[in-house]
Every structure is written in structure tokens, then in C-alpha cells.
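Peer 1: structure of the sequence below:
(2 chains)
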Amino acid sequence: MISDEFEKTLQRTQSYAKKFGHFYMTLEHLLLSLLDDQDVKKILSACSIDEKILRTDLEDFIKKNLKELEKTNDDEIKPTLGFQRVIQRAVIHVQSSGNEEANGANVLVALFSERESHAVYFLQQQNLTRLDVVDYISHGIGKDENAGTQQDEKFDENTESSTDSMNSFLEKYCVNLNRQVVQKKIDPIIGRAKEIERTIHILSRRNKNNPIFVGDPGVGKTALAEGLAFKIVNREVPDSIQNTTIYSLDLGGMLAGTKFRGDFEDRLKKLINFFEKNSNFIIFNFCKTFH
Amino acid sequence: MSDNFKQISSETLTKTRNKVKKPKLYKVILLNDDYTPMEYVVKLIKTVFSRNEEDAVNIMLMVHKKGSGVCGVYTKEIAETKVFTVEKMAKNDQHPLKCVMEQE
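Peer 2: Presented below is the predicted three-dimensional model:
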């Protein structure tokens, strides 16, 4: 009726309650031990849940808000009504769908039906819904594939802490021209020496240091930016801009998949914020028209 | 830039965002009746809500005088379990004591 793995999880739940000295096993205890359940682990990582945050959330909650439960005598540790309901729901569901054993994943799904539970609240805070879990269990669809927006939202909250994810964000919407030069994908520029010289001059100014290339299609505006990157890599520019990296912003990529009003602005804002914090960047922007 | 924008997305969807509400806490309340002995109520409060003698007596008097008394504030899950335990215990001992929970 219950899988071996989940049997272990239940025992862990009991020992958590014992460790904290509580006489009830609550859903929060259950979720905490589910975090180490193999079946649940897979789901959480597929749905890009930060296990550490969830764990500390739960532990903090259990320590602070469940003080009332500290037991005075050596009574047996009992599950709460909600706890019993969740397990029951999972088992009934498994039986009615014709399977033999209920595992941690089924219990996680059953957990979502509990109302006003802090355990569910912590999951929701991480943007995990019942649908995400059920989707993964039935079709193996992780959340990343269809939820770019939610990924983006996460940047909002912890922009500073997530340099790694910021880098992948950059990769997604920008092309690093310096790297392209290093990889020999950009050819040296011929002619236009005067224009590049002037660009370097403008970039070196203390303020108003934003050059704009204007010209008919095909005269080589992009080539100028690439030529500049080439010069930077070959150390032919003044020291003040020697350490800069040129990114070419892929506006098409940024626009693609912005389903909702404001998604695009969100992404743009995020990039700009990032560039503001790290001053050693030049953004080269493919804009057709400036307004 | 705005030209680009118009070309690509001609329709605008409205994003519905489900706000995640923090779960509320619940009060567990004992209701007065004329048949359950005071001593029994005190004993019950002590065992179920792990209160000391003094608190238990105060809560019992509150129930007696005002018609109801709050025994504690808990998460929903625990509150309902407490209510269940109280009613089960009272029923076992053949007392008509009622216990309810209420959103804080």
C-alpha cells in the first residue's frame, strides 16, 4: 500500500517531530522529510525549487510557530487530522487509479489539497502549484520548459545572489562580442578607422559617453561595434576601456515569447539593472529607430 | 522599437496572478454548558492544551462567565486536531462540552 521509500520518509517525519519535542506530526514535519524522499527530490529539482530555502523556511516555522506543541509527558507522537487526511487522500488516489503503492510524489500532490496549511504556503511561495507536480509525475514535463516567465520572476527577488543565473540570462539575450573575437568569428575591420577612433573618444568621456552610429543600411554600423571589440581584445584601446566587454543585445530574442504585457519591459529592465551594477560593459543595441 | 513590438505581438494578454496568501491562524474556543463540571474542564485544558493550573482555571472561569473562552491560537491543522481531541475526550467521559475553532 505504501512504498518502501515513503515508509522511510514517514519514519523520518516521526523522528523530526521527536527531535523538536512535539507531540503532533504536522504537515510541515511531513514536507520537511519529503525533501529527502527520492521521488519528491526529482520533482522539486525539475520544477526548479530551491530546496535550501524551502528547508530553512520549514525549519524556522517549526521552531518558531509550533512551540505550543512541545510535549510535557512521554505520550506517543500522533499525526494531526490534516496529516491523516493527506495520507488517506494519497492512498485512495493510488488505489482508485489501479496502482499498488503510494509514494512520496502522490503524497506531495495530496498535500496541495489542504487548505490554509503553512506547508502548502511555503511551496506556493516558490511558485510551485499542484499542476506543476502532476504534470511532472504524469508526463515528465519540468517547469523550466514552459515557464520562462516564472524563471524571470525569480531574478527580481534575488538579483544579487544569482550571478550564475544572471550570466545565463545574459547568454540568452546578448552576444558577447569580445568572446566572438577570441573565437575568431569576427574578422578585422578594414577602413572606418576614423569612426572607431571617434567612438573610442566618446566612450572615454566622463559623461555623455554614449555613441550612436547612424547611417544607411549596410554602411557598417555593426562592423564598427565588432571592430571595437576586436581592438579591445587586441589591446589597442586606451586603458579606461580596456577592461570592458561589448554585448550585442538581441532584441528579437528579448521580444520572443513575451506573452504578457510588461514581460518585455521586465527583461529589459533586468538587463539594464545588471549593467548598471557592473559598469565594465558596453551594450551595443540593434535598434532600427530611436525614439 | 515600438514598431517592432507592434509587429510581433498584436494581441495583449492579461496576466492573472494568483496571490499567495499567508495561512491564517485559528483560535480554539471552548463553549459553556451547564452540565460539564468545572474540575473536568480544568483537567481537560491542562491535558489537551498543556496549560498550567492557573491558566486553566482562568480559561475555565472565562468560559463559565462569558459563555466562551479562548484556549489558544494555532495553525488550522493543529486547531482542528485540538478541537477533535477535546470533543473526543469529552464524549468518552460523557460530557456535552463543545469546542469550536474560529479564524483569528
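
Peer 1: which stretches in chain B count as helices?
Peer 2: B:2-8, B:38-48, B:53-66, B:76-92 (DSSP state H).

Peer 1: quick one, which of these is nearest to residue A:51?
Peer 2: helix B:76-92 (22.7 Å; C-beta to C-beta). C-beta: built from backbone N, CA, C; applies to glycine.

Peer 1: hmm, the closest one touching chain A?
Peer 2: Yes - contact of helix B:76-92 with chain A (C-beta under 8 Å from any C-beta of the partner chain) involves B:76-78, B:80-81, B:84.

Peer 1: okay, the angle between that helix and helix B:38-48?
Peer 2: Interaxial angle of helix B:76-92 relative to helix B:38-48 (axes from the mean of the first three to the mean of the last three C-alpha atoms, to 10 degrees): 140 degrees.

Peer 1: ok, residues contacting helix B:76-92?
Peer 2: Under the contact criterion C-beta atoms under 8 Å, 6 or more residues apart in numbering or on different chains, helix B:76-92 has outside partners A:24, A:26-27, A:66, A:68-69, A:80-83, A:114-117, B:23-28, B:30, B:36, B:44, B:47-49, B:71-72, B:74, B:96-101.

Peer 1: ok, residue B:49 touching residue B:74?
Peer 2: No - Residue B:49 is beyond contact range of residue B:74, at 9.4 Å (criterion: C-beta atoms under 8 Å).

Peer 1: where do the contact lists of the two overlap?
Peer 2: B:28, B:82.

Peer 1: still on that earlier bit, from the contacts of helix B:76-92, which ones fall inside strands?
Peer 2: Among the contacts of helix B:76-92, the members falling in strands (DSSP state E) are A:24, B:25-28, B:30, B:71-72, B:74, B:98-101.

Peer 1: can you tell me which residues in the stretch 101-250 of chain A are near chain B?
Peer 2: A:114-118, A:120-121, A:124-125.

Peer 1: can you rerun that using 10 Å?
Peer 2: Selection of the stretch 101-250 of chain A residues close to chain B by C-beta under 10 Å from any C-beta of the partner chain yields A:114-127, A:129, A:149, A:153.

Peer 1: just the buried ones from these?
Peer 2: A:114, A:116-124, A:126-127, A:149 (16 or more other C-beta atoms under 10 Å in any protein chain shown).

Peer 1: in helices, which of those residues appear?
Peer 2: A:118-124, A:149.

Peer 1: from the residues you listed, which shows the smallest pLDDT?
Peer 2: Least confident of those in the model: residue A:149, at 41.

Peer 1: please name the nearest non-neighbouring residue to the residue nearest the centre of chain B.
Peer 2: What sits nearest the mean C-alpha location of chain B, by C-alpha atoms, centre = their mean, is residue B:26, with 2.8 Å. With sequence-adjacent residues excluded and distances taken as C-beta to C-beta, 6 or more residues apart in numbering or on different chains, residue B:26 is closest to residue B:79, at 3.8 Å.

Peer 1: for the one you found, grab the count of nearby residues.
Peer 2: Around residue B:79 there are 27 other residues, counting by other C-beta atoms under 10 Å in any protein chain shown.

Peer 1: could you check how many residues crowd around whatever residue of the stretch 151-291 of chain A ends up closest to chain B?
Peer 2: For the stretch 151-291 of chain A, the residue closest to chain B is residue A:260, as judged by C-beta to the nearest C-beta, at 4.2 Å. For residue A:260, the count of nearby residues is 15 (other C-beta under 10 Å).

Peer 1: from residue A:132, how far off is the closest residue to it other than its chain neighbours?
Peer 2: Leaving aside its sequence neighbours, residue A:260 sits nearest to residue B:15 (C-beta to C-beta, 6+ apart; 4.2 Å). For residue B:15, the distance to residue A:132 equals 17 Å [C-beta to C-beta, to the nearest Å].

Peer 1: which one of the two has more residues nearby?
Peer 2: Applying other C-beta under 10 Å to residue B:15 and residue A:132 shows that residue A:132 carries more neighbours, namely 23 against 11.

Peer 1: my read: that one touches residue A:138, true?
Peer 2: No - look at residue A:132 against residue A:138 with C-beta atoms under 10 Å: they stay out of range, at 11.3 Å.
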